[in-house]
Each structure stands twice: as C-alpha cells, then as structure tokens.
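>>> sequence below, structure please.
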Amino acid sequence: MSNREALRELQGRLAQRLQQARTETRVQSWLAVECAGLGLLLPLAAAGEIFPFSPLLPVPHTQAWFLGVANLRGGLHGVVDLAAFLGLRAPLAPDAVREGARLLAFNPAQGARCAVLVDRLAGLRSPGQLVAVPDGADPAPNPAAARPAFAGPRWRDEAGRAWQEIDLAALARHEQFLAIAA
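Numbers count the residues shown, from 1 in each chain. Okay, the predicted model is just below:
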C-alpha cells in the first residue's frame, strides 16, 4: 500500500512540475566566448559539449578556416576556426592554438556534426546581465559588410563590453559555413 501511495505522490509531483514547465517563460541564456578579442554569445540550447583543443586530422582542399576533423567523444566532427570564418583574423595553424582555446560542439539536435574553435570561454550570460543595443547605435566592426543571417542582436554588459549574439542553428544552415571545399 505504501508503494502505491509513493507512486501516486510521485505522479502528482511530476504532473505539477509539467504544468509549471508549460506556464513558465523560458529565460534565454548564452555561453559567452571570445574570438580574436570579440565577445560572442552562443545560445546554450544550440550548444553542445565543450572540449579542450585536441589533435585534428587535416582535410585537403578545404577552406582555410576549416581546420580539419576531430574525434570528440567517439564521433567525428568537422572543426571550424570561428574567428577566421567571421573574418576577424587569419586562420590559426593547429600548433598556434593557445592553451585556453576550446572546441564547442554543436548540439546534436542542430543536425551538424561540427565544432567551432573559440579562443577563450568567458562564462554564462543571462538577459538580466545585458542590455540590448539598438540597430545602428553600435556600428559593426566592418560597417560596409552586410550582417549575416546568423548574427543576432548586439548586447552590452554592465562593464560596457559589447557582445554579438551568434545563432548557432542559423550558422549550421548558412551557405558559406556549409561550403568547406576550396
């Protein structure tokens, strides 16, 4: 009899929690990273695991920003130098990657078995820590360049540092990101 009561209590708590989850507003949060000195915000929902930089197998006849293929937890992932892809700096040679650099794998739900190389992790950010920058108020590093579809809003933190949101799901579908052949 006590097992049935415990099961009913568990089911009741689960039903209550599911109802709360349906009515709660989801708070967006980001993983803050740095690439060539630029602060980027990557949505946690689209991000996967974070790995230390690991040996890469180079792939011939690919774009310079495509660093190669890495074995991450038993799965092969294409690795993109995010700063080089964004045009922030020249692509890094694998032996020039700094100690604090990390590989950020995309969430498997994105359908892309890839990871991006970031120079440094800068923690987590939430909307309460940031203020949205209206379009045109904070010019892009290269104002002549059109803003790609994967570039989300710009933000500023309480210290005044600018952060650019990058939509990883849109990046995974972006035509240039998918065109790795040189």
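
>>> could I get the full set of helices for this structure?
Using DSSP state H, the helices of the chain run over 2-23, 82-85, 168-173, 175-178.

>>> now do residue 121 against residue 175, distance only.
Noted for residue 121: a distance of 28 Å to residue 175, by CB to CB, to the nearest Å. All C-beta spots, glycine's among them, are computed from the backbone N, C-alpha and C.

>>> what of residue 181?
12 Å.

>>> what does residue 85 give?
13 Å.

>>> give me the more crowded residue out of the two.
The neighbour comparison of residue 85 against residue 175 (other CB atoms under 10 Å) goes to residue 85, with 20 against 8.

>>> contact partners for that one?
Listed by CB atoms under 8 Å, 6 or more residues apart in numbering, the contact set of residue 85 reads 65, 116, 176-177.

>>> which among those residues gets closest to residue 31?
Proximity of these to residue 31 (CB to CB) peaks at residue 116, which lies at 11.1 Å.

>>> hmm, the closest one is touching residue 82, no?
Yes - taking contacts as CB atoms under 8 Å, residue 116 lies within contact range of residue 82: 4.1 Å.

>>> neighbour-wise, which of these two wins?
Neighbour totals were compared for residue 116 and residue 82, and residue 116 leads with 29 against 24 (other CB under 10 Å).

>>> bridged to that one, which residues?
For residue 116, the beta-bridge partners are residue 80, residue 104 (DSSP bridges).

>>> gap between it and residue 165?
If you go by CB to CB, the gap between residue 116 and residue 165 works out to 15 Å.

>>> so where's the chain shaky on pLDDT?
1, 7, 10-11, 14-15, 17-27, 136-146 (pLDDT under 70).

>>> go again using 80 as the cut-off
The model of the chain has pLDDT under 80 over residues 1-27, 94-96, 135-147.

>>> quick one, strands of it?
Shown for the chain, the strands assigned by DSSP state E span residues 30-35, 38-43, 47-52, 66-72, 75-81, 102-106, 114-118, 120-125, 130-133, 151-157, 162-166.

>>> now residue 154: how far from residue 39?
Counting by CB to CB - residue 154 and residue 39 are separated by 10 Å.

>>> give me the common contacts of the two.
162-164.

>>> those residues, buried ones only, as a ChimeraX selection?
This is how ChimeraX selects the buried members of these, with burial counted by 16 or more other CB atoms under 10 Å:
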select :163,164
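
>>> give the burial count for the closest residue to residue 69 other than its chain neighbours, as a bare number.
Of all residues not flanking residue 69 in the chain, residue 57 sits nearest, at 4.8 Å (CB to CB, 6 or more residues apart in numbering). For residue 57, the neighbour count with other CB under 10 Å is 11.
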